[in-house]
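S.K.: when you get a sec, could you give me coordinates for this:
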Amino acid sequence: MRVTQTKHGLRLSQHGVVISELRTSPGPTHSVFDVLAALLVLLRPAGRIGVLGFAGGGMMAPLQALGMKTAFRTVDLDQASYDLFCQHCPDWVSGVQWQRADAVQWLRKQKPEFNLLLEDLSVPQDGDVVKPEISWRLLPGLIRQKLKRDGIAVFNLMSPPEDDWRSALKKITREFRVTQVIHLDDFENRIVIAGEQLPAAPALGHGLRELLRKLRSRQAGRLRVRSVRSLKLQP
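M.R.: All right, here's what the predicted structure looks like:
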């Protein structure tokens, strides 16, 4: 992992790919982390939130700027990035219940009581940073099992390793009744929101843009929300 200093904190990267913008004061990162933070604020889950993949806590500065104080549970194998977060953002540590563990093993031990689960895992591979295979094949079903009936899943995805986007997304959407996809102009990432019931795509897009404008994030005008046709679960 490479750590470089920025105007507002630290940038954590691997193989030239940014894995976290560790801003040390409330405000925008002008990256995917702003969109993820705005989603959490917009969806406002009333109960337990879980985050698979914390890295350096890129969401924390925009969450603080948007006034979200809800604590969440998170799991990651990267102790070094979490230590940097603790060192540079000590005032925010109390809102994060962090555990060093394998995401699948951790999730399997949890009760089905999450109101929202965010999957934000990545791994270095062949000089690049990609989603692990479990993000496409194993985690969608496991996440659905650990959500409450009205719970919401959020997946921060990068280009699939083998399939095209359409085929890869089906592995996720088939597990949920309703899914929507956020396309980002500046990044290859696609953010999938899934659950039993979701806000309509126009309302979700409008709400996200309003929050991102409030945050003064450059991502406010650089995203599109598209509904995905619901797919029936396999018997």
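S.K.: to what extent is Gln5 buried, counted in neighbours?
M.R.: Neighbour count for Gln5, taken as other C-beta atoms under 10 Å: 8. Glycine gets a C-beta too; all of them are placed from N, C-alpha and C.
S.K.: identify the bridge partners of it.
M.R.: As for beta bridges, Gln5 partners with Leu10 under DSSP bridges.
S.K.: mind starting the numbering at 57 from now?
M.R.: All right, first residue 57 from here; so that's Gln61.
S.K.: any idea how far it lies from Ala121?
M.R.: Here the criterion is C-beta to C-beta, to the nearest Å. By it, Gln61 lies 20 Å from Ala121.
S.K.: so who does the closest residue to His86 other than its chain neighbours touch?
M.R.: Nearest residue to His86 in three dimensions, chain neighbours excluded: Arg274, at 4.5 Å (C-beta to C-beta, 6 or more residues apart in numbering). Shown in contact with Arg274 (C-beta atoms under 8 Å, 6 or more residues apart in numbering): 84, 86, 242.
S.K.: which ones among those map onto strands?
M.R.: Counting by DSSP state E, no part of those is found in strands.
S.K.: could you list the buried residues of the strand or helix carrying Ile238?
M.R.: Secondary structure assigned from DSSP states H and E places Ile238 in strand 234-240. Within strand 234-240, the residues that count as buried by 16 or more other C-beta atoms under 10 Å are 234-238, 240.
S.K.: Asn212: neighbouring residues, count only.
M.R.: By other C-beta under 10 Å, the residues close to Asn212 number 24.
S.K.: thought Leu92 was touching it, still the case?
M.R.: Yes. Counting by C-beta atoms under 8 Å, Asn212 touches Leu92, with 6.3 Å between them.
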